[in-house]
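1. Output the structure for:
(one chain, ligands or ions: 1)
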Amino acid sequence: MANLFAIYGANGCGRGIIPLARAQLAQAGIPADQLVFVDDNPPALEVNGHRVLTFEQFLAEDCVERYASLAIANSRIREMLAGRCIGAGVHFWNVRAANVVEMDEVALGDGAILSPFVTLTSNIRIGVHFQANLYSYVEHDCVIGDFVTFAPGVKCNGNVHIHDHAYIGSGAIIRQGIPGKPLVIGRGAVVGMGAVVTKDVPPGVTVVGNPARPLIKD
Ligand code: UDP
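-> Predicted coordinates:
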């Protein structure tokens, strides 16, 4: 009997992650048939060559240990599914592209997903279930909370603190903070695509534009 590895979420995010997971497992000598999708609403029996199981089917599979990586961009769903996995004794695993660059003293929480061309420089702390999509970077001395999501191409400069559940849109640029006075993006804040963030973003607020300002909905 062997271990079973899952990518939870068989849609856009999951389909972008499973080839990385497959390559990572191959490096460790683990065959691709030990890698499955898990989805609560399976789009098909098989997607891109991998079986799609419901969570119940995943738990019913004959295996030693179960590992899941939550490949769903919505952080609230990730948090809910993380609780479900913990309750069922499912472990989390980090999935990362082979060309990810990680420098010194990076503390990365469980369940991280690091897409191709992501760079994490030095002295960085990151919480659980972080997602850094294609070409994103995190510079020195950043502190990132739990369930934070970076869309592709996020430039997160040094001394920035990002609290739990923040979502940073594609191509956003976050100005660097100063040691002892970091730039802070609050819990659950949303940074719109292409935004240039020059100052703190309060919790739960959506900012857009250059310089980024709170979004006024009409
Ligand atoms: N999903 C799930 N459990 C949930 C919520 C979503 O299995 O509680 C699945 C959903 O069926 C879909 C995928 O996760 O297949 C999410 O796809 P979506 O396009 O919404 O998000 P993305 O892949 O872009 O993160």
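2. what does the chain put close to the ligand?
-> 9-14, 39-41, 43, 72-73, 77, 81 (Cβ under 6 Å from any ligand atom). Heads up, the C-betas are built off the backbone N, CA and C, glycines and all.
3. what are the phi and psi values for the closest residue to Ala73 other than its chain neighbours?
-> The shortest distance from Ala73 to any non-neighbouring residue, by Cβ to Cβ, 6 or more residues apart in numbering, is to Cys13 (5.2 Å). Backbone torsions for Cys13, taken as degrees, to the nearest 10, come to phi -60, psi -50.
4. Likewise for the one 3 residues further on?
-> Backbone geometry at Gly16, expressed as degrees, to the nearest 10, gives phi -80, psi -10.
5. do the same with Asp200
-> Torsion angles, degrees, to the nearest 10, at Asp200: phi -50, psi 150.
6. That one is in contact with Leu183, isn't it?
-> Yes. Counting by Cβ atoms under 8 Å, Asp200 does reach Leu183; the two are 6.1 Å apart.
7. End to end on stretch 147-166, go ahead and measure it.
-> Start and end residues of stretch 147-166 are separated by 8 Å (Cα to Cα, to the nearest Å).
8. In it, which residues are buried?
-> 147-166 (16 or more other Cβ atoms under 10 Å).
9. and if you look at stretch 86-97?
-> Result for stretch 86-97 [16+ other Cβ under 10 Å]: buried residues Val90, Phe92, Trp93, Asn94, Val95, Arg96, Ala97.
10. So for stretch 5-24, mean pLDDT?
-> Mean pLDDT, stretch 5-24: 98.
11. distance between it and the chain's centre?
-> Averaging C-alpha positions (Cα atoms, centre = their mean, to the nearest Å) puts stretch 5-24 12 Å from its chain's average.
12. Identify the residues contacting it?
-> 25, 30, 32, 34-39, 42-43, 47-48, 50, 52-53, 58, 66-73, 81, 85, 90, 93, 95-98, 113, 115-116, 131 (Cβ atoms under 8 Å, 6 or more residues apart in numbering).
13. cutoff 6 Å now
-> In this structure, residues lying in contact with stretch 5-24 by Cβ atoms under 6 Å, 6 or more residues apart in numbering are 32, 34-39, 43, 47-48, 52, 58, 67-73, 81, 95, 97, 113.
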